[in-house]
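>>> have a look at this fold, sequence not included:
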């Protein structure tokens, strides 16, 4: 019984891990080297950026860092872009929190949409917001505007700053991913599969039953004793003839 319960628990854990693996996003668009964003904020922003890439074929990355190490800002931006996407058409904006500076890198035909003025407007939108999440979200809103309508020139972000606690986007609206309803469904399927497997294994053991007599476990005729001998180990046995008594005259 204990083994059966343990096997069912293992099956449930495996099913849960599969559900979360299937529903989790794989592409990272927001790179937070400075630890300014929570994991849920990064996921929501990634889903927004993934929607842009799916709709327009252009990758929009945003990176927050504290310094660029031994490389220049331009080298850091281009290197980070190549590290996080294989799409030849895209843009990355890097905010160097330590040096209070911004840099960008544009790849492929994304330069047809993101001119220098467009990039400046996106940075202004980010910098105008009180929160990192709200700033990147505003930046992505402008990117969507440019990708849909093109940059008309002179467009400066004038929207309301996002409140980091209330104006978050709904991840389920941004991506048609795996619905949460599949979690209990997957659990039920896992339990059913585990139950069938355990019952299949247990059914093979029904022919083994406890017997009252030990003779049941032996083959007939295999325990017949055909001979016997006394064997003494580590003993010396001496045989002496008993002397006969002589008759008296």
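Arrived safely, thanks for sending. Just so you know, these numbers come straight off a predicted model, no measurement behind them.

>>> surely residue 130 is within a helix?
No - the assignment for residue 130, made by DSSP: H, G, I helix; E, B strand; the rest coil, is coil rather than a helix.

>>> what's the following helix or strand after the lowest-mean-pLDDT helix or strand in the chain?
Sorting the helices and strands of the chain by mean pLDDT, DSSP states H and E puts helix 171-174 at the bottom, at a mean of 40. Counting by DSSP states H and E, the element after helix 171-174 in chain order, helix or strand, is helix 182-203.

>>> mean confidence score for that following helix?
Helix 182-203 shows a mean pLDDT of 76.

>>> which strands or helices does it pack on?
Under the contact criterion of 3 or more C-beta pairs under 8 Å, 6 or more residues apart in numbering; DSSP states H and E, helix 182-203 touches helix 2-23. C-beta: built from backbone N, CA, C; applies to glycine.

>>> which residues touch the helix or strand following the helix it packs on?
For helix 2-23, the following helix or strand on the C-terminal side (DSSP H and E) is strand 30-32. For strand 30-32, contacts defined as C-beta atoms under 8 Å, 6 or more residues apart in numbering pick out 37, 42, 45-46, 49, 61-65, 80, 84, 136.

>>> which of these lies closest to residue 148?
Checking the contacts of strand 30-32 against residue 148 with C-beta to C-beta, the nearest one is residue 49 at 14.8 Å.

>>> name the element that closest one belongs to?
According to DSSP H and E, residue 49 maps onto helix 39-56.

>>> which secondary structure elements does whichever helix or strand comes after that helix contact?
The helix or strand immediately downstream of helix 39-56 is strand 59-65, counting by DSSP H and E. Here strand 59-65 touches strand 30-32, helix 39-56, helix 73-84, strand 90-96, helix 132-149, going by 3+ C-beta pairs under 8 Å, 6+ apart.

>>> the inter-axis angle of strand 59-65 versus helix 73-84?
120 degrees (axes from the mean of the first three to the mean of the last three C-alpha atoms, to 10 degrees).

>>> related to what we said a few turns ago, now the helices and strands packed on strand 59-65 in a markdown table, with mean pLDDT, mean neighbour count and distance to residue 229?
Below are these laid out as a markdown table (pLDDT from 0 to 100; neighbours: other C-beta atoms under 10 Å; distance: least, C-beta to C-beta, whole Å):
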| stretch | mean pLDDT | mean neighbour count | distance to residue 229 |
| --- | --- | --- | --- |
| strand 30-32 | 96 | 20 | 86 |
| helix 39-56 | 94 | 18 | 80 |
| helix 73-84 | 94 | 17 | 83 |
| strand 90-96 | 96 | 24 | 92 |
| helix 132-149 | 93 | 22 | 92 |
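
>>> out of these, which gets nearest to residue 105?
The closest of these to residue 105 is helix 73-84. By C-beta to C-beta, the value is 3.9 Å.

>>> tell me what that closest one is packed against?
Checking 3+ C-beta pairs under 8 Å, 6+ apart, helix 73-84 ends up next to strand 59-65, strand 90-96, strand 101-107.

>>> what lies in contact with the first one?
This points to strand 59-65. 29-34, 36-37, 45, 49, 52-53, 76-77, 80-81, 84-85, 87, 89-98, 110, 126, 132, 136, 139-140, 143.

>>> mind redoing it with 7 Å?
29-34, 36, 49, 52-53, 80-81, 84-85, 87, 89-97, 132, 136, 139-140, 143 (C-beta atoms under 7 Å, 6 or more residues apart in numbering).
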